[in-house]
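In: Quick one: sequence and predicted model below, then my questions.
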Amino acid sequence: MAILAIRSRTLKRVEALGLTIAVVLVVVLVLAVLGVSYSVREETLINPGEYEVYELEGDEWSTVYFSVDSTLPVTVCITDGTGISMMKSGRALCFFKAEGVTHLEKMWRFPTEGPLYLVLVNDSGEKPARVSLRISTGPIMW
């Protein structure tokens with residue numbers, strides 16, 4: 001009987017330790033997911049020939065979802081710091097580019113660590129474009 005009692009107490013301690021570790025892991029995972037996720041909604045007016053730049057933070061294991069709705073055609077470009085420098089000189093280097101769109105929804109995985117930039121360019125020659133933008137980032141869920 002003494003052997004059974006010792007096994008029973010040891011088994012209960014192992015079960016309690018396992019449950020504690022599981023709870024701690026779940027709490028850490030939830031905090032990690034909430035800590036790296038964010039969402040932005042914005043409406044902006046882009047004058048002809050001008051552009052708006054939005055910085056996107058992430059790592060190789062994160063994604064960005066964006067939705068663009070515009071009253072006039074716009075160009076949507078995802079680029080890095082080099083592309084922004086080139087854009088200021090009149091050229092563009094984009095990892096992703098969609099020209100002349102009034103509606104776009106896209107899920108994009110960060111190719112490298114560090115900031116990327118979402119650039120919206122007004123393609124209209126005469127009128128300002130009213131753009132509604134929604135950006136959400138977070139970890140990749142397999």
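Out: Nice, I can see it. Since the model is a prediction, treat every value here as computed from it, not as a measurement.

In: Am I right that R91 is in a helix?
Out: No - counting by DSSP: H, G, I helix; E, B strand; the rest coil, R91 falls outside a helix, being coil.

In: Look at it and report its pLDDT.
Out: According to the prediction, R91 has pLDDT 76.

In: same deal with G35?
Out: At G35, pLDDT is 50.

In: same question, the one 5 residues further on
Out: Model confidence at V40, given as pLDDT, is 83.

In: That one bridge partners, please.
Out: I135 (DSSP bridges).

In: mind giving me the domain split of this protein?
Out: 1-36, 39-139 (automatic domain parsing).

In: Deepest in the core, which of the ones you listed is it.
Out: domain 39-139 (a mean of 15; mean count of other CB atoms under 10 Å). Every residue, glycine included, has its C-beta placed from N, CA and C.

In: Quick check: R41 vs V74, distance?
Out: Using CB to CB, to the nearest Å, R41 is found at 17 Å from V74.

In: Ok, I84 next?
Out: Distance from I84 to V74, by CB to CB: 17 Å.

In: Same check on N122?
Out: 6 Å.

In: one step back: any idea which of the domains of the chain scores lowest on pLDDT?
Out: Looking at the domains of the chain, the bottom one is domain 1-36 with a mean of 70.
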